[in-house]
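Engineer: I'll drop the sequence and a predicted model, then ask my questions.
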Amino acid sequence: MAFVLLLLFLTPFTQLWLREAAPWYLPYLVWGGVILLLLLLRLLFRPYREGR
């Protein structure tokens, strides 16, 4: 997952979502998407616990 974060925020892909004509809220949407992806991965790969 760290590789995806580095790819999004430290490579030329940053220019796709951080351009002059982009809306002010686009960086927040990108971060929100990253957070939702991490939450989804945690819920999908969380070990099942019996008794709870």
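Structural biologist: The structure has been received and is ready for your questions.

Engineer: what's the spatially most central residue of the chain in contact with, if anything?
Structural biologist: For the chain, the residue nearest the mean C-alpha position is residue 34 (1.3 Å; C-alpha atoms, centre = their mean). Counting by C-beta atoms under 8 Å, 6 or more residues apart in numbering, residue 34 touches 4-5, 8. Heads up, the C-betas are built off the backbone N, CA and C, glycines and all.

Engineer: any idea which element it lies in?
Structural biologist: helix 26-44 (DSSP states H and E).

Engineer: Keeping just the C-alphas, turn that helix into PDB.
Structural biologist: Provided in PDB are the C-alpha atoms of helix 26-44 (Å, rounded to 0.1, in the frame of the first residue of the first chain):
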ATOM      1  CA  LEU A  26      -9.700  17.500  -5.300                       C
ATOM      2  CA  PRO A  27      -6.700  16.800  -3.000                       C
ATOM      3  CA  TYR A  28      -9.200  16.100  -0.200                       C
ATOM      4  CA  LEU A  29     -11.000  13.600  -2.500                       C
ATOM      5  CA  VAL A  30      -7.800  11.900  -3.300                       C
ATOM      6  CA  TRP A  31      -6.900  11.600   0.400                       C
ATOM      7  CA  GLY A  32     -10.400  10.400   1.200                       C
ATOM      8  CA  GLY A  33     -10.100   7.700  -1.500                       C
ATOM      9  CA  VAL A  34      -6.900   6.500   0.000                       C
ATOM     10  CA  ILE A  35      -8.400   6.400   3.500                       C
ATOM     11  CA  LEU A  36     -11.500   4.500   2.200                       C
ATOM     12  CA  LEU A  37      -9.200   2.000   0.400                       C
ATOM     13  CA  LEU A  38      -7.200   1.400   3.500                       C
ATOM     14  CA  LEU A  39     -10.400   0.900   5.500                       C
ATOM     15  CA  LEU A  40     -11.800  -1.500   2.900                       C
ATOM     16  CA  LEU A  41      -8.600  -3.500   2.900                       C
ATOM     17  CA  ARG A  42      -8.600  -3.700   6.700                       C
ATOM     18  CA  LEU A  43     -12.200  -4.900   6.800                       C
ATOM     19  CA  LEU A  44     -11.700  -7.500   4.000                       C
END
